[in-house]
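**Student:** just coords:
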């Protein structure tokens, strides 16, 4: 083989190699023009997944916060309810002492003992945050009073409590026992 033949063979080999490379370049470029880039598709999918996980996290955090608030309220309500139940159990004793104080007696020591007992019971109720519901002379309030009698009396205003049959009690805003009253007009 002469040098010229060698050059021609090399040139043909180069042309063949160039033709072989051109379709390979076209093959890699063809998917780009036919559809979206797979990396962009994967990025969008990851963004969507992240947004969903963030939404789940925020919902879970809000749900936990609501749970925490609800349990705190339930604990406070449980304490108030237990205190109200305990006070309610002692109210018949209060009523009996109140009736005993209204009775006439010749024994001064007996009367003094009942007064001291009543004062002690009132002090304990006060320390627990339990107070009497004001009723006599007040305007009738169905949220605090239980009207068991009605009387026509022009000397007092309309819907005025004129007599208290049983004292009512409340602890804060919670009514433990409604005041049993007689209402005028």
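**Tutor:** Ah, there it is. As the structure is a prediction and not an experimental result, all values here were calculated from the model. Numbers count the residues shown, from 1 in each chain.

**Student:** Show me where this structure has its strands.
**Tutor:** 130-132, 145-151, 160-166, 169-171, 174-177, 179-184 (DSSP state E).

**Student:** ok, residue 138 - how many residues close by?
**Tutor:** 16 (other C-beta atoms under 10 Å). Quick note: C-beta positions are derived from backbone N, CA and C, even for glycine.

**Student:** Might one say that it is in contact with residue 157?
**Tutor:** No: using C-beta atoms under 8 Å, residue 138 is not in contact with residue 157, being 10.4 Å away.

**Student:** Neighbours of residue 178, how many?
**Tutor:** 19.

**Student:** go on, residue 89?
**Tutor:** 9.

**Student:** Residue 125 too?
**Tutor:** Per other C-beta under 10 Å, the neighbour tally for residue 125 reads 19.

**Student:** chain center to the longest helix along the chain, what's the gap?
**Tutor:** Using DSSP state H to define each element, the chain has its longest helix at helix 38-102. The chain centre lies 4 Å from the centre of helix 38-102; the measure is C-alpha atoms, centre = their mean, to the nearest Å.

**Student:** before we move on, what about stretch 143-161?
**Tutor:** On C-alpha atoms, centre = their mean, the centre of stretch 143-161 falls 38 Å from the chain's centre.

**Student:** and it, which residues are buried?
**Tutor:** Using 16 or more other C-beta atoms under 10 Å as the test for burial, stretch 143-161 gives 144-146, 160-161.

**Student:** what mean pLDDT would you report for the longest helix of the chain?
**Tutor:** For helix 38-102, mean pLDDT is 95.
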